[in-house]
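K.L.:
Have a look; sequence and predicted model below, questions after that.
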Amino acid sequence: MRILFCAHQFFPESSAGVEVVTLNLARELRSRGHEVFVLAAQRSAPHGDIEPGEVRDYVYEGVPVRRVGRPREGLSRPYRLNYENPHMAEVARACAREFGPDVVHAMHLQGLSASVVPAFKGLGLPVVFTAADFWSICPVVDLYRHDGVLCRGPELHHCLRCLASRSPDGGLSRAVGLMPDAALRAVGLASRTPLARRIFPLGQVRDLRERAGYVRRQLALVDHILAYTRLTRELLEANGLGRGRISVSVYGIDTGGIEKVPPHEVPPLRVGFVGTLAPHKGPDLLIEAFLRAPDLPAGLRLHGSPGPDAGYVRRLRELATPDGRIEFAGPFVRREIGRVLAGMDVLAVPSRWYENAPGVVFEAFAAGIPVLAADLGGMSEFVRPGENGLLFAADDAEDLVRQLRRLASEPGLLARLREGIGPVKTTSEYAAELEALYDSLAGG
């Protein structure tokens, strides 16, 4: 079978969760005799070495890849290109004609845009879409709103605030932040008038308003949608996407470099954090919990690279400076995950957003390490309190302290949690599931 994967970015420039899952699947499917090709977008200059729309071919670890430069970023870029991009559709169409796949699997559509779906369907190809996060319903992907509220779907005035709050243009962020909701709603109404064709900012608002409907129409063409969690399926269906065509199945991981970590019964408790040092990941909450419990017999080691907010990372370090129990271990390459996990007794995942299905949780389980996570949908579907880990109230430092004290002092708790960790799904098992799905869609 010939399988075309589509992704928003890929190795070697990017190696985050979706890329890791895609590469592992590509290698496994190739080992099973299938032909695999990857079509991926890439951030263009000045963030990357590729121009907007430029196409380059290369091979990564035996997998042929075609990458295409994303539209140039900035306020002057038409917002519609984020989800509707005719050039990306033409690149996808040409790629499919050249490779001749039996099935297309869109692992992520950001960068490529939803326009590639009708391009593939116009060639009569079955298409699978994986909702790895919430891009299909959320303009900022994570459903973590500007005011800290966990969102359930787009509302124009909130979407405008979210986009402005994450813009590198501080002036835009301050200007939108000062506008009352009534004014933003009035702007939304004005974007429905002919003025939106003549006034660029109003046209941008119109494009944002029309995003949800366009993405929904294109994803209605998809043959099957995969969701990693029940929460994702619920949110997609609540926003009019995929009802009756969504199955829930978490991805598998490569456990080759991960060994079981032997029990470590000697205090202090070794708490580990693995992830980007960014507010939505919640490392500040972990540091605050340690500062609130100076008598806690535990150490905290934070593994990960800084996010785009250098000021946030600086504040993290300043916050942690008085506490000698806290260490910043820095980033690491993926093949070192076994070594990183071997230095902890419990993995802490204090995220403020849904997270969906963070791979580090499954990697910790593969190493026999319990997980302490925020009680949010997605993570709470995998971390079962008292069985393979503990949950704490999201964004609640006091409850986090309580759970850390339990782990550090409750006799036998860590051992029971370790024993309750079941087997994790492997890439091989996941590939077998997908083979059956692809075969059914491609007509055997």
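P.N.:
Looks like it arrived, so ask away.
K.L.:
switch to C-alpha atoms for all contacts and neighbour counts from now on
P.N.:
Fine.
K.L.:
Need the CA coordinates for stretch 354-371. PDB is fine.
P.N.:
Output in PDB follows, covering the C-alpha atoms of stretch 354-371 (Å, rounded to 0.1, in the frame of the first residue of the first chain):
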ATOM      1  CA  TYR A 354      -6.200  20.100  27.900                       C
ATOM      2  CA  GLU A 355      -2.900  18.700  26.500                       C
ATOM      3  CA  ASN A 356      -4.900  16.000  24.800                       C
ATOM      4  CA  ALA A 357      -2.400  13.100  24.900                       C
ATOM      5  CA  PRO A 358       1.100  14.200  25.800                       C
ATOM      6  CA  GLY A 359       3.700  11.600  24.800                       C
ATOM      7  CA  VAL A 360       5.800  12.000  27.900                       C
ATOM      8  CA  VAL A 361       3.000  10.500  30.000                       C
ATOM      9  CA  PHE A 362       3.100   7.300  28.000                       C
ATOM     10  CA  GLU A 363       6.900   7.300  28.100                       C
ATOM     11  CA  ALA A 364       6.800   7.700  31.800                       C
ATOM     12  CA  PHE A 365       4.400   4.800  32.100                       C
ATOM     13  CA  ALA A 366       6.700   2.700  29.800                       C
ATOM     14  CA  ALA A 367       9.500   3.400  32.300                       C
ATOM     15  CA  GLY A 368       7.300   2.400  35.200                       C
ATOM     16  CA  ILE A 369       7.000   5.900  36.600                       C
ATOM     17  CA  PRO A 370       3.700   7.200  38.000                       C
ATOM     18  CA  VAL A 371       2.300  10.600  36.800                       C
END
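K.L.:
which stretches of the stretch 51-200 of the chain have low pLDDT?
P.N.:
Residue ranges of the stretch 51-200 of the chain with pLDDT under 70: none are present.
K.L.:
rerun that using 90 as the cut-off
P.N.:
For the stretch 51-200 of the chain, the stretches flagged by pLDDT under 90 are 73-76, 148, 166-178.
K.L.:
same deal with the stretch 301-444 of the chain?
P.N.:
Checking the stretch 301-444 of the chain against pLDDT under 90 turns up 305-310, 332-336, 355-357, 377-378, 443-444.
K.L.:
Run through the helices of it in chain order.
P.N.:
310-320, 337-342, 359-366, 397-409, 413-419, 427-441 (DSSP state H, counting those that start in this stretch).
K.L.:
tell me the most buried of those helices?
P.N.:
helix 359-366 (a mean of 23; mean count of other CA atoms under 10 Å).
K.L.:
any idea how this protein splits into domains?
P.N.:
2-142+207-252+427-441, 156-190, 269-419 (automatic domain parsing).
K.L.:
quick revisit: quick one, which of the helices of the stretch 301-444 of the chain is nearest to Pro126?
P.N.:
helix 427-441 (6.1 Å; CA to CA).
K.L.:
Please name the residues that touch the spatially most central residue of the chain.
P.N.:
The residue lying closest to the centre of the chain (CA atoms, centre = their mean) is Asp133, at 5.1 Å. By CA atoms under 8 Å, 6 or more residues apart in numbering, Asp133 lies in contact with 141-142, 232, 355-356.
K.L.:
ok, now Asp142?
P.N.:
133-135, 353-355.
K.L.:
how far does stretch 344-362 stretch from start to finish?
P.N.:
One end of stretch 344-362 to the other measures 15 Å (CA to CA, to the nearest Å).
K.L.:
for stretch 135-154, same thing?
P.N.:
11 Å.
K.L.:
How about it, which residues are buried there?
P.N.:
135-139, 142-146, 151-154 (16 or more other CA atoms under 10 Å).
K.L.:
now for the residues you listed, which pair is the farthest apart?
P.N.:
Ser136 and His146 (18.4 Å).
K.L.:
returning to that earlier point: then the residue nearest to the centre of the chain would be within a strand, right?
P.N.:
No - according to DSSP: H, G, I helix; E, B strand; the rest coil, the state of Asp133 is coil, so it is not within a strand.
K.L.:
Nearest to Glu259 among the domains of the chain would be which one?
P.N.:
Nearest of the domains of the chain (CA to CA): domain 269-419, 5.5 Å.
K.L.:
the residue most distant from the middle of this structure, which is it?
P.N.:
Farthest-from-centroid check, the chain (CA atoms, centre = their mean): Pro194, 37.1 Å.
K.L.:
for the longest helix seen in the chain, packing partners?
P.N.:
Among all segments of the chain classified by DSSP state H, the helix with the greatest residue count is helix 200-219. Other helices and strands packing on helix 200-219, by 3 or more CA pairs under 8 Å, 6 or more residues apart in numbering; DSSP states H and E, are helix 116-121, helix 156-165, helix 181-190, helix 195-198.
K.L.:
Now do the next helix or strand after it: which elements does it pack against?
P.N.:
Per DSSP states H and E, the first helix or strand lying C-terminal to helix 200-219 is strand 224-227. For strand 224-227, the elements it packs on are strand 127-131, strand 246-248, judged by 3+ CA pairs under 8 Å, 6+ apart.
K.L.:
quick one: which of those strands is nearest Ala278?
P.N.:
strand 127-131 (22.5 Å).
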